[in-house]
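**Student:** Next comes the sequence, and after it the predicted model I'd like to discuss.
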Amino acid sequence: MYYRRYERLRNTIPEIVKHAKAHRKNPTHAEAILWEALRGRRLCGAKFRRQHAVGNFILDFWCPEHRIAIEVDGEIHELPHIHTYDLERQTWIEAHQVRVLRFRNEQVIYQQEYVLAQIAQAIAPK
């Protein structure tokens, strides 16, 4: 059932998909660390995709089964116009029944156990 909802949500523009593919080839250090922990169903058996286009946006990590988006934010996300854009983007994503988890680069790099525990808690059955 989640697959049908996911397909409605995945109304992508080919240009966005192209950008997502480029981002997958050049991850940030924090994204590479988190991907190593999430790939291949390593965390609670959940399937994650990285740099995945959903709507007009690219999500750093996306778990369609649990409808969770994970964003890894660097310093640029502190700039006022980027912060405003992030809030608008998150509002749109959450309006489509997707839970957004945000972590800073430093958290992923230096507090990986905490980050993974937060993600595991989010995907655990209620």
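**Tutor:** Done, it's in. Residues are numbered from 1 along each chain as shown.

**Student:** The longest helix along the chain: what's the following helix or strand?
**Tutor:** What stands out as the longest helix in the chain, according to DSSP state H, is helix 80-95. Proceeding N to C from helix 80-95, the next assigned helix or strand is strand 99-104, under DSSP states H and E.

**Student:** tell me the angle of that following strand relative to helix 80-95?
**Tutor:** Taking axes from the mean of the first three to the mean of the last three C-alpha atoms, to 10 degrees, one finds strand 99-104 and helix 80-95 inclined to each other by 150 degrees.

**Student:** tell me which residues of strand 99-104 are tucked away?
**Tutor:** By 16 or more other C-beta atoms under 10 Å, the buried positions in strand 99-104 come out as Val100, Leu101, Phe103, Arg104. C-betas here are computed from N, CA, C, even on glycine.

**Student:** Stretch 76-96 too?
**Tutor:** Asp86, Arg89, Gln90, Ile93.

**Student:** Present these as JSON lines; the columns should include distance to Pro64.
**Tutor:** Below are the buried residues of stretch 76-96 laid out as JSON lines (distance: C-beta to C-beta, whole Å):
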{"residue": "Asp86", "distance to Pro64": "21"}
{"residue": "Arg89", "distance to Pro64": "18"}
{"residue": "Gln90", "distance to Pro64": "18"}
{"residue": "Ile93", "distance to Pro64": "13"}
